[in-house]
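Student: Kindly return the folded structure for what I paste below:
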Amino acid sequence: MHFSIPDTQQLTDANGSTFMGYNIHINGVFHCTVRYRQLHNLHEQLKKEFGNDHLPHFPPKKLLPLTDGQLEERRSLLEKYIQIIGQDSKLVSSDLITGFLLSAQQETTNERKQELKLDIYTMNNYQISLRVLSTDRTEQVLAKACKHINLPLEYTSYFALFLIKKEENGDIVILRKLQDFESPYISYKSVHESNRIVIRKSYWDNDYDLELMTDPIALNLLYTQTVSDIERGWILCMKEVKSQLAHLQARLSKREYIELARTLKYYGYIQFVPCYCDYPKPKTKVLVAIGGQELSLRLIGQVVKEGSFKVTRMRCWRITATHNKQNIAAHSTASITSNLELSFEYLMSKDNLQWITISSEQAILMSGCLQSMVDQLLVKRNGIKPKPIEQHKGQWSYMKRDGSSHLISLDDPDVYPETSSTNGETTYPSSPARSLSRITHLRV
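Tutor: This is a model prediction of the structure:
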């Protein structure tokens, strides 16, 4: 998980007092704005659950008002703190972190809990219209979508919700996989209308196909995704094979269609938009695809050449981001100029490690794909199957910006329990804070 706090903003509470808000970005996308004391309260709860020895150092409190230099130092230290948390799979996947981020997103957007319609799509544009709560987290919405189409519960965890962008020419760009610490409704509401939420398979090991194809609903989901990927050129096939696939599609021979597609290059891969790489030479234009335990580079030119980099030979990788934000409101839909780079150290040959850098707006998605691929390799090596979606019955305390605390559970999160509804009209308390100004930083 890639966390950052690239900037801050000054807010004012209901009493007219000002305070500093820290803008948390997750996987390259703005998620929430929180106060120092909210993060400190989270740290104290993490200490009780995991022990102080398992946590990074938290920036200490200050008795006197902070100078500009001290504010910048605190921002940097808080960023380092959450980045270390994000690198610990046990901590970042805990109910405490998930609940805190989910609640902070709701408070930041001032979204009240309400039932509403949310549309989820399959890859062939079939619309699944759901009744959800605005505060439902991703797993809850995914479970409702799968129940709506009668997918057996044990297969739900093999799929995930993705946010995609549909270009004017009909092309699709996968923006990111929705995570359980966010509300799909709130996340979707904050993006452009041309975006939509789709359901796609979430695993990299194509052997899982064999089990899923025994169920007619799971088979249909795999089939529609495979047809879409072939039509868009994400899966490569020769003219003769395309003719065979078209024949199978006309006969609705879904299983046979998938079995043939499974033999093709880039089946089960995620494709990315054209970008630039410094391999084999600087400023080389490439097409990146990730899947099959590798990152594939196709060099774009008169002759298409391909390079394959096995994830098991990558020693490490990192994301570098330079943000340039010019007074954009924290939850604005305005675009942010951002140069992102994914660099990985690769074992080219014995005792020969080489850094390779890809410059792409999808660099963080690429990094997430590599990480999930490694995680799934380790899970399979230990003989563990994907876990089914579970209910979370525990509670935790969420401190709001105004200092008040609320007991909240993951299965029923709501930071505004005082909201009431009378005669069909909803009454809300006044918003706890409004933006006054924004302090920006140029950061590498």
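Student: what packs against the lengthiest strand in the chain?
Tutor: What stands out as the longest strand in the chain, according to DSSP state E, is strand 337-349. Packing contacts for strand 337-349, counted by 3 or more Cβ pairs under 8 Å, 6 or more residues apart in numbering; DSSP states H and E, involve strand 314-324, strand 352-359, helix 363-381. (C-beta placed from N, C-alpha, C; glycine too.)
Student: What are the buried residues along the longest one?
Tutor: The one in question is helix 363-381. 363-370, 372-373, 376, 380 (16 or more other Cβ atoms under 10 Å).
Student: Also stretch 266-282?
Tutor: For stretch 266-282, burial by neighbour count (16+ other Cβ under 10 Å) applies to 266-272, 275, 277, 279.
Student: Quick one: closest of the helices and strands packed on strand 337-349 to Gly403.
Tutor: Proximity to Gly403 (Cβ to Cβ) singles out strand 314-324 among those, at 30.1 Å.
Student: Pull the CA coordinates from the closest one and hand them back as PDB.
Tutor: Extracted in PDB, the C-alpha atoms of strand 314-324 (Å, rounded to 0.1, in the frame of the first residue of the first chain):
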ATOM      1  CA  MET A 314      12.900  -8.700  -8.800                       C
ATOM      2  CA  ARG A 315      14.900  -7.900  -5.700                       C
ATOM      3  CA  CYS A 316      12.700  -4.900  -4.800                       C
ATOM      4  CA  TRP A 317      10.800  -2.000  -6.400                       C
ATOM      5  CA  ARG A 318       9.900   1.500  -5.400                       C
ATOM      6  CA  ILE A 319       7.600   4.400  -6.500                       C
ATOM      7  CA  THR A 320       8.800   7.900  -7.000                       C
ATOM      8  CA  ALA A 321       6.300  10.700  -7.300                       C
ATOM      9  CA  THR A 322       6.600  14.500  -7.900                       C
ATOM     10  CA  HIS A 323       3.400  16.300  -7.100                       C
ATOM     11  CA  ASN A 324       2.500  19.700  -8.300                       C
END
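Student: packing partners for it?
Tutor: Using 3+ Cβ pairs under 8 Å, 6+ apart: strand 314-324 touches strand 3-12, strand 337-349, helix 363-381.
Student: what angle separates the shortest one from strand 314-324?
Tutor: Calculated by axes from the mean of the first three to the mean of the last three Cα atoms, to 10 degrees, strand 3-12 forms an angle of 30 degrees with strand 314-324.
Student: tilt between strand 3-12 and strand 337-349?
Tutor: Strand 3-12 and strand 337-349 are oriented at 160 degrees to each other (the same axes, to 10 degrees).
Student: is the nearest residue to Asp278 once chain neighbours are set aside in a bridge, and if so with what?
Tutor: Excluding the flanking residues, the one nearest Asp278 by Cβ to Cβ, 6 or more residues apart in numbering is Thr357, at 4.9 Å. Residues in a beta bridge with Thr357, per DSSP bridges, are Ser343.
Student: Equivalent analysis for Ser409, please.
Tutor: Gln395, Asp412.
Student: how near is it to Lys113?
Tutor: Distance, Ser409 to Lys113, using Cβ to Cβ, to the nearest Å: 13 Å.
Student: Same check on Leu365?
Tutor: From Leu365 across to Lys113, the span is 30 Å (Cβ to Cβ).
Student: For the chain, which residues score under the pLDDT cut-off?
Tutor: 302-304, 322-338, 385-394, 418-444 (pLDDT under 70).
Student: buried stuff in stretch 289-309?
Tutor: 289-299, 307, 309.
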